[in-house]
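Visitor: turn this into a model:
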Amino acid sequence: MKIVVIGGSGLIGKKLVSRLLERGHQAVAASPRTGVNTITGEGLAQVLEGAQVVVDVANAPSWEDQAVLAFFETSNRNLLAAEEAAGVKHHIALSIVGTDRLPENGYFRAKAAQEKLIKASRVPYTILRATQFSEFVGGIAQEATEGQTVRVSTAFIQPIVSDDVAAALSDVALEAPVNGMIELAGPEKIHFGEFIRRFLDATNDTRQVVTDAHARYFGSELEDNSLIPGENARIAPTRFEEWLNRSVPQK
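Guide: Residues are numbered from 1 along each chain as shown. Next up is the predicted model:
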């Protein structure tokens, strides 16, 4: 089966293409690096010829509020129209758990707009909403840093590793469209403070973690479960501590 991975040169895309190839499918990495541009439309018709499934894991080059919204709206309008013309049978998009709960977050607003376009299209679809990636812990800590203090929310997080996201997407690509959402999360529900402390300790970072119910997460004030999936989520196997042990040099 021919499966086109939009954003196939990125973190998730590379892993997904590799997994699909290992499973015997014709997986095609599509990105500006390979001559496929969903913003300009360059190469779209050609790469989608004969494709049964498209998995969109592309990310915006800029996360500024208007730029990221323009990217996801333009990219998805072009992509979905090209898929319909090509007779694609299943469109899969990677989104974020909590997208519809944090409207003051510009990136989440853009992902919500993406989801709306997918639902309105005539291409059968599955939207896989994943929780925050373990690989982003350093960036989350940096964004919340004030001097030598990392001020984070008291809310929960359920981190997932990118390998597990790619594995789940490869499964979904071989399943029938659900024309709805699937939630995906790591196996461990922990407080933001513990999440950041574990990382700082593992990296010998002397910054101090302070928890604050009003601390903002990329512009949003969180409730306890803003970023936590519902009861029917698919649960990935890799715990945060396992990822730390294999990704961070041991002390």
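
Visitor: and H91, how many neighbours does it have?
Guide: Counted by other CB atoms under 10 Å, the residues lying close to H91 total 23. Where you see a C-beta, it was placed from the backbone N, CA and C, and this is true even at glycine.

Visitor: now N204
Guide: A count of neighbours around N204, defined by other CB under 10 Å, yields 9.

Visitor: doesn't it lie inside a strand?
Guide: No: note on N204: no strand contains this position according to DSSP: H, G, I helix; E, B strand; the rest coil, which reports coil.

Visitor: let me see the backbone angles for it.
Guide: Taking degrees, to the nearest 10, you get phi 60, psi 40 for the backbone angles of N204.

Visitor: same question, the one 5 residues further on
Guide: Its backbone dihedrals place V209 at phi -90, psi 130, with angles given as degrees, to the nearest 10.

Visitor: from A45, how far out is it?
Guide: When distance is defined by CB to CB, to the nearest Å, V209 is 50 Å away from A45.

Visitor: got the contact list for the closest residue to I12 other than its chain neighbours?
Guide: Of all residues beyond its chain neighbours, the one nearest I12 is V57 (4.5 Å), with distances taken as CB to CB, 6 or more residues apart in numbering. V57 makes contact with V5, I6, G7, G8, G10, I12, G13, L16, L94, L169, according to CB atoms under 8 Å, 6 or more residues apart in numbering.

Visitor: do I have it right that the fourth one meets L21?
Guide: In this case it means G8. No: judged on CB atoms under 8 Å, G8 makes no contact with L21 at a distance of 11.2 Å.
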